[in-house]
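Enquirer: coordinates only, sequence not included:
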RNA sequence: GCCCGGAUGGUGGAAUUGGUAGACACGCAGGACUUAAAAUCCUGUUCCCGUUGAGGGAGUGCGGGUUCGAUUCCCGCUCCGGGCACCA
């Protein structure tokens, strides 16, 4: 049949031929059969390590937000591979965690079972998207073969201390040797609290005493810390789970309770963690967050002697200059000296206050600063410089774990101290005259000292230095560097985590297990509820706890960040039974070149991983001091949340839903928002979102408890299948509320990538996720726009087809214009991938495809290069085209196209010409025109003449190859 | 409360180093093809005034500033998102 020339039918054939479902399935199988993505540790090529933050496999499965970062990193990994690198691009699962345990408590399903099911589901979903992961290196943190090494690293931390002089971790044995020889003399160690000890005293200690002394130095050690304890739930809660002093789940009272817990001495590494931030290619924001988290401050440690006691209160201040204004002291309510200090007269009031503070979460205590709370202990301390007596108060705004848990309060120069003093009528002495700085705030470090004895007349900066000298001279304190960073609490009273490889002997002395006995596997349990008295569920497994004669096992488990602090190293040599990774593997892969993940891990995971890595570096186990060279943060993909207003009170026993247009100014008073499945809502996500009569019927089928409810809108009232009209209009138009928020089961707005892939194909899904916007940015998901990308892919496919829809490319030489289209595209893709701007890559491909279609180009020399260029983005389609072009191997082993600038050289350039910065004309001038020529030519233009007529030309700015601006007055 | 981000047409976004604001898409409107629909192609689409295809004004959350020129830099706000140490 002869087909006459008209596009539509011809195109129809072309598009019919592109069947993503068949193509994608075929090539995915081919890749598996050919080990296309298997990576060797033995290669002549330069290495490149692209890593994603591994997911926690939740029961809800992946939604379209999860793969965003994975797609970006996959594109980058594939790009690097095409550029000739040996690319490590692995994936695994952060598989220990609370949700699985919670689920187990509710349903009795063992966390291992549900976790494995979830992992299987994740794997299916991931496979569906066509990632280039080397699955032979998969890790699961809950796998004993994996957590064996988590336990091993913990033991290494346990067996080391930090030498501040050498600035590195050293074996405990060397510390013991030092103590035996010299006691604490000459010892510069990171420690919980300063102790001094003679060699003799050390030698005379009992095993138990030695153990607790060493705990003062170990990098993994035990100490008492405060936790949010919920008696009713029998467990410790995260700050997140505590709302207004009660548990979010159940509303039970929560109190701050001291507990003996394992901690990691991350503070020993504070300075190094801070300093090496400079060497990282992370966003400034991310570095700043880390640096703020570490919170280095220089100042003075000062001791305030307590009147009538032998002890002193140690404080740290960054403003020693203001010491003459220190009119009172505030201790954290948990401070060790509180009990001792409190006078009998104040006892009752102090106890009442302590009771109140117990119910306050740390978050509340930091957030509620408007209203100061506190109580007087009845005791006084001596200000060591003024020798005045100052009252000692307790206040919840001072936190036990920050600094020394005590402050000297200077109401004149500290906002919170001022609020406190004002409320309780404590004396305020102005010590800085700020009259030269009218804009300065209370806490600004400027002005001249007054009322400050020997400091009077000095500028603040000099006064700080002078006070430091004076403090040291008088022996009442010393210069000190303080960090906000706290040691990481490492114990969890949970089941689903790594068991500690620790056993206690009859004296309660902690012993690390022998490495050959690792992994210490989690015992099986039928009941995952916490054991009584704040004990971990593991305490129920008595056979396990008392398995070794004379010893009891630690029953707490490790926290979520344990397994995730080193997983990137395991990928280098997954499955190695001899070591966490072989020396050769670690030396070859070195570190992660590109790490992609969410900002929500800004301080937690990223800080802990860096700390562990530095420790392993000290041990010579890894060759680099930092694990993640470059970091890219992906934004969250949000969903549209649609809800209807339902009146809180029922009407004649029926629920009443009311149009958002009818609820008045303060809808929250009388109405609650009931989330509606977004699929039911017309025009969802817009101001016009509404439910018509059909939508309401669907809603009632979905939520049968509302089948007799009243639905009222401006048009009328709908109930039990009948619509009573208020006007002439028939049918409901009930407005819903549209918000942007988390994609979550509870809002019925989750979009499963499988559904999108099924409909449009994985290549389309991948490119659409990228096309949505910059990877780093949060953005709402909307499937509506996906047609544009789908159309693009079919158009691209169409370039390879003749008018009959047969595959046909021409071997004729490409024209200059065609080369220009190609090389414009190569340049853009190369540059944009390098700066992680994947959304603009997609538009670059669209532009090239549109241009080539217009040029009716089907030249092999052009299209073949474009196929390789597109391969990282659309791996399946390009693989099909590559083979159709006659190649044998995979397109993913081809070479990435090189950019040749010669094709983009222009003879002339279009210059915008502005008058006073406003564009008035556009004109082509030769590319090599001089500044003077450009100025002259611009002024002569007709369009410009009318603007400068009768005016003075004050200045002409010519930026060659850019623009011309004429300033007239 | 503290720390870190973000805000550009009806929508997602582009503008890489201070130099043509709105690339590329979605949506919408009109047209071609079709018995019709789908699909596809073409044209238009920041807003306002004006209009023959003239021309002009405003404009990147709000208010100031620096500059020949500001989405971009500085100061002050508003709103939204993330983190704040046991969610992962």
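Expert: Sure thing, it's come through. Note that the structure is a prediction, hence the values are computed from the model and not measured.
Enquirer: rest of the way, CA atoms for contacts and neighbours
Expert: Will do.
Enquirer: can you pull out the helices in the stretch 551-700 of chain A?
Expert: Along the stretch 551-700 of chain A, counting by DSSP state H, counting those that start in this stretch, helices occupy A:560-564, A:567-570, A:583-589, A:604-618, A:667-670, A:693-702.
Enquirer: report all helices and strands that the helix or strand hosting residue A:833 contacts.
Expert: Assessed by DSSP states H and E, residue A:833 sits inside helix A:816-834. Contacts defined by 3 or more Cα pairs under 8 Å, 6 or more residues apart in numbering; DSSP states H and E place helix A:816-834 against helix A:838-854, helix A:860-870.
Enquirer: beta-bridge partners for residue A:914, please?
Expert: In this entry, residue A:914 is beta-bridged to residue A:919, residue A:965, by DSSP bridges.
Enquirer: pLDDT at it, what is it?
Expert: At residue A:914, the model reports a pLDDT of 88.
Enquirer: same deal with residue A:438?
Expert: The per-residue pLDDT reported for residue A:438 equals 67.
Enquirer: how about stretch A:956-965: buried residues?
Expert: Under the neighbour-count criterion of 16 or more other Cα atoms under 10 Å, stretch A:956-965 has A:956, A:958, A:961, A:963, A:964, A:965 buried.
Enquirer: should've said stretch A:530-549
Expert: Neighbour-count burial for stretch A:530-549 flags A:530, A:531, A:534, A:535, A:536, A:537, A:538, A:539, A:540, A:541, A:544, A:545 (criterion: 16+ other Cα under 10 Å).
Enquirer: pLDDT (mean, whole number) over stretch A:882-892?
Expert: On average, stretch A:882-892 scores 95.
Enquirer: gap between the two ends of that stretch?
Expert: 10 Å (Cα to Cα, to the nearest Å).
Enquirer: residues in contact with that stretch?
Expert: By Cα atoms under 8 Å, 6 or more residues apart in numbering, the list of residues contacting stretch A:882-892 from outside reads A:36, A:78, A:81-82, A:807, A:864, A:867-868, A:871-872, A:875, A:878-879.
Enquirer: count of residues packed around whatever residue of chain A ends up closest to RNA strand B?
Expert: Taking Cα to the nearest atom of the strand as the measure, chain A has residue A:238 as its residue closest to RNA strand B, at 2.1 Å. A count of neighbours around residue A:238, defined by other Cα atoms under 10 Å, yields 11.
Enquirer: excluding covalently adjacent residues, which one is nearest to it?
Expert: Ranked by Cα to Cα, 6 or more residues apart in numbering and with sequence neighbours excluded, the top spatial neighbour of residue A:238 is residue A:228, at 7.0 Å.
Enquirer: and what about that neighbour, helix, strand or coil?
Expert: Under DSSP: H, G, I helix; E, B strand; the rest coil, the three-state class of residue A:228 is strand.
Enquirer: which residues are in contact with it?
Expert: A:236, A:237, A:238, A:239, A:254, A:255, A:256, A:257, A:361.
Enquirer: what does the stretch 751-900 of chain A put close to RNA strand B?
Expert: Residues of the stretch 751-900 of chain A that fall close to RNA strand B, judged by Cα under 7 Å from any atom of the strand: A:771-774, A:777-780, A:784-789, A:791, A:795, A:828, A:831-832, A:837, A:839-840, A:842-844, A:846-847, A:850, A:854.
Enquirer: run the chain-centre distance for the helix holding residue A:833.
Expert: 34 Å (Cα atoms, centre = their mean, to the nearest Å).
Enquirer: off-centre distance for stretch A:517-529?
Expert: Put simply, stretch A:517-529 sits 30 Å off its chain's centre (Cα atoms, centre = their mean).
Enquirer: my error: substitute stretch A:763-780 in the last question.
Expert: Worked out by Cα atoms, centre = their mean, stretch A:763-780 lies 18 Å from the chain centre.
Enquirer: equivalent analysis for stretch A:74-90, please.
Expert: Taking Cα atoms, centre = their mean, the mean C-alpha location of stretch A:74-90 is offset from the chain mean by 24 Å.
Enquirer: in it, what counts as buried?
Expert: Here stretch A:74-90 shows A:74-82, A:84-90 as buried, counting by 16+ other Cα under 10 Å.
Enquirer: check stretch A:173-182 too.
Expert: Quick answer for stretch A:173-182 (16+ other Cα under 10 Å): A:175, A:176, A:178, A:179, A:180, A:182.
Enquirer: pull the residues that contact the helix holding residue A:833.
Expert: With Cα under 8 Å, 6+ apart, helix A:816-834 has contacts from A:76, A:838, A:840-841, A:844-845, A:848, A:851-852, A:855, A:857, A:862, A:866, A:869, A:897-901, A:903-904.
Enquirer: check whether residue A:814 really touches residue A:862, as I assumed.
Expert: Yes - when contacts are counted by Cα atoms under 8 Å, residue A:814 is listed as touching residue A:862 (7.0 Å).
Enquirer: higher neighbour count, those two?
Expert: Neighbour tally, residue A:814 and residue A:862, criterion other Cα under 10 Å: the higher count belongs to residue A:862, 22 against 16.
Enquirer: with adjacent residues omitted, what lies nearest to the more buried one?
Expert: Residue nearest to residue A:862 in three dimensions, not counting chain neighbours: residue A:822, with 6.5 Å by Cα to Cα, 6+ apart.
Enquirer: cool, and residue A:126?
Expert: Nearest non-adjacent residue to residue A:126, counting by Cα to Cα, 6+ apart: residue A:67, 8.0 Å away.
Enquirer: again with residue A:188
Expert: residue A:164 (5.3 Å).
Enquirer: residue A:791 - how many residues pack around it?
Expert: For residue A:791, using other Cα under 10 Å, the count is 14.
Enquirer: likewise residue A:100?
Expert: Neighbour count for residue A:100, taken as other Cα under 10 Å: 24.
Enquirer: can you check residue A:834 too?
Expert: Applying other Cα under 10 Å, we find 13 residues neighbouring residue A:834.
Enquirer: let me see the confidence value for it.
Expert: Per-residue confidence (pLDDT) for residue A:834: 95.
Enquirer: still on that earlier bit, what's around the residue nearest to residue A:126, how many residues?
Expert: Neighbours of residue A:67 under the rule other Cα under 10 Å: 22.
Enquirer: phi and psi next, for it.
Expert: Main-chain dihedrals, residue A:67, degrees, to the nearest 10: phi -70, psi -10.
Enquirer: same question for residue A:884.
Expert: Per degrees, to the nearest 10, the backbone of residue A:884 is at phi -60, psi -30.
Enquirer: beta partners for the residue nearest to residue A:238?
Expert: residue A:237, residue A:256.
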